[in-house]
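Novice: With the input below, show me the fold.
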Amino acid sequence: MIIVTGSNGFIGANLVAALRDAHPGTPILGVDHYAEDGTRYPAHAAVDHELGLDEFIEAMQTSALPATPIAIYHLGACSDTTVTDRDHVTRVNLDFSKTVWRYCVEQSVPLVYASSAATYGDGSQGYSDEADPKIYEPLNLYAESKHLFDLWALDQTRQGIAPPHWAGVKYFNVYGPMESHKGRMASMGFHWVNQVRDTGVTKLFKSYRDGYADGQQQRDFIYVADAVAATMHLMRGDQPGGSPGEHPGGLYNIGTGVARPFADLATACFTAVGREPKLEYIDMPESLRPQYQYFTQATVDKLRGAGFDTPMRNLTDGMADYVEWRRANDGLTI
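Specialist: Residues are numbered from 1 along each chain as shown. Next up, the predicted model:
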């Protein structure tokens, strides 16, 4: 059995679909908060067993899981960067992650868990997954919780208290299918396709920093299928000429290694739907300005060194795939 926490989420649902294709005979246990009406994307329905967060914790602690896991992908978290309830975020993002880690140690289960590029803070210290993470200062409670778990996991590993194989993956700006349920936290690719459909215009934040023109704030945008492929690779741990599990445990960036302006993503949205770009610049909320990142770009040498050599989609190709998926699955009519 393979366990995916956060299986009803964006990356989690795409991961479940990819695992089902890669391991058709292996049961998948999904852990998440599930809608009472049973609403699912097709990928969500691909799990064989479902548990809520508290049910899963109890099942781990009482050895009551449906089967022995061969791998755990721990993606479940409170990912809303605006949440200010420290107790809730600590329980879900930090304490729950420690419980999963300890279970993997005790039961010798390989673990890949989701960290975040948000742990790098304002970017003044760079975005290296090979630097000492203590130098980074996260800008919000969500990022802080992920950062604290990264530090804890590394400390546990130094003490020899670690799963037999593990990786913490720092996702950069992921976009693609099955994210509509995220609402305002969905990627700008999702929102801008909707804006093009509804108004014919995309709205971008103005810049409030010297050296960045409006729309030239940059992100490392990665298509969700590429992010999932890298995640699954790090669970296998393949290296050229090596054996599964051979790459060293640790933190790994999941990005393309290339930063692109938001204006480029907006333009790719228009290209994908066959329209001429029309961009509008709006004021950034004052509450967001102090913690806004103007540039993110993953260093991916460590990921490539771990044997992941699959090319990443560029924005044009990624958005084209995304729009076609939405036309086929989400009723997009543009």
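Novice: Which strand or helix spans I72?
Specialist: Assigned by DSSP states H and E, I72 belongs to strand 71-74.
Novice: From the chain's centroid, how far away is that strand?
Specialist: Centroid separation for strand 71-74 versus its chain: 14 Å, with C-alpha atoms, centre = their mean, to the nearest Å.
Novice: what's the neighbour count on the nearest residue to D283 once chain neighbours are set aside?
Specialist: Among residues not flanking D283 along the chain, K206 sits closest, at 6.0 Å (C-beta to C-beta, 6 or more residues apart in numbering). C-beta: built from backbone N, CA, C; applies to glycine. A count of neighbours around K206, defined by other C-beta atoms under 10 Å, yields 13.
Novice: Against P24, how distant is the nearest residue to Q218 once chain neighbours are set aside?
Specialist: Nearest non-adjacent residue to Q218, counting by C-beta to C-beta, 6+ apart: A259, 4.0 Å away. Taken as C-beta to C-beta, to the nearest Å, the spacing of A259 relative to P24 amounts to 37 Å.
Novice: what's the answer for L94, then?
Specialist: Going from L94 to P24 by C-beta to C-beta gives 35 Å.
Novice: Between the two, which has more neighbouring residues?
Specialist: Taking L94 and P24 together and counting by other C-beta under 10 Å, L94 has the greater number of neighbours (18 against 7).
Novice: Model confidence for H181, exactly?
Specialist: We note a pLDDT of 76 for H181 in this prediction.
Novice: ok, now which ones touch it?
Specialist: 8-10 (C-beta atoms under 8 Å, 6 or more residues apart in numbering).
Novice: Then L332?
Specialist: L332 touches 193, 197, 323, 326, counting by C-beta under 8 Å, 6+ apart.
Novice: between those, which is closest to Y136?
Specialist: Distances from Y136 to the contacts of L332, taken as C-beta to C-beta, are shortest for V193 (32.4 Å).
Novice: from the middle of its chain, how far away would whichever strand or helix holds the closest one be?
Specialist: If you go by DSSP H and E, V193 is part of helix 188-199. The chain centre lies 21 Å from the centre of helix 188-199; the measure is C-alpha atoms, centre = their mean.
Novice: Mind checking the pLDDT average for it?
Specialist: On average, helix 188-199 scores 94.
Novice: List the neighbouring strands of the following helix or strand past it plus their orientation.
Specialist: Next helix or strand after helix 188-199 toward the C-terminus (DSSP H and E): strand 202-205. Sheet pairing of strand 202-205 (DSSP bridges) gives strand 279-282 (parallel).
Novice: one step back: select only the buried ones of the contacts of L332 in ChimeraX?
Specialist: Restricted to buried positions by 16 or more other C-beta atoms under 10 Å, the ChimeraX selection for the contacts of L332 reads:
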select :193,323,326
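Novice: buried set for the top helix by length along the chain?
Specialist: In the chain, with assignment by DSSP state H, the single longest helix is helix 141-158. Within helix 141-158, the residues scored as buried using 16+ other C-beta under 10 Å are 141-150, 153-154, 156-157.
Novice: where does K134 land in three-state SS?
Specialist: Secondary structure assignment for K134 (DSSP: H, G, I helix; E, B strand; the rest coil): helix.
Novice: quick one on the thing from earlier: got CSV for the contacts of L332, with distance to D80 too?
Specialist: Formatted as CSV, the contacts of L332 follow (distance: C-beta to C-beta, whole Å):
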residue, distance to D80
V193, 22
R197, 25
V323, 26
R326, 23
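Novice: Excluding chain neighbours, what is closest to the residue sitting furthest away from the middle of the chain?
Specialist: Residue farthest from the centre of the chain, counting by C-alpha atoms, centre = their mean, is E276 at 30.5 Å. Leaving aside its sequence neighbours, E276 sits nearest to F270 (C-beta to C-beta, 6+ apart; 6.5 Å).
Novice: A strand includes the one you found, no?
Specialist: No. Going by three-state DSSP, the assignment for F270 is helix, not a strand.
Novice: who's in contact with it?
Specialist: 196, 202, 276-278.
Novice: Looking at the residues you listed, point me to the pair that's furthest apart.
Specialist: Longest span within these, C-beta to C-beta: T202 and E276, 11.9 Å.
Novice: per-residue confidence at the most centrally placed residue in the chain?
Specialist: Against the mean C-alpha coordinate of the chain, by C-alpha atoms, centre = their mean, the closest residue is Y171 at 4.6 Å. At Y171, the model reports a pLDDT of 97.
Novice: so what's it up against?
Specialist: 11, 114-117, 222, 227, 254-255.
Novice: Would you mind listing the two of those residues that lie farthest apart?
Specialist: Counting by C-beta to C-beta, the most remote pair of the contacts of Y171 is S115 and I222, 14.6 Å apart.
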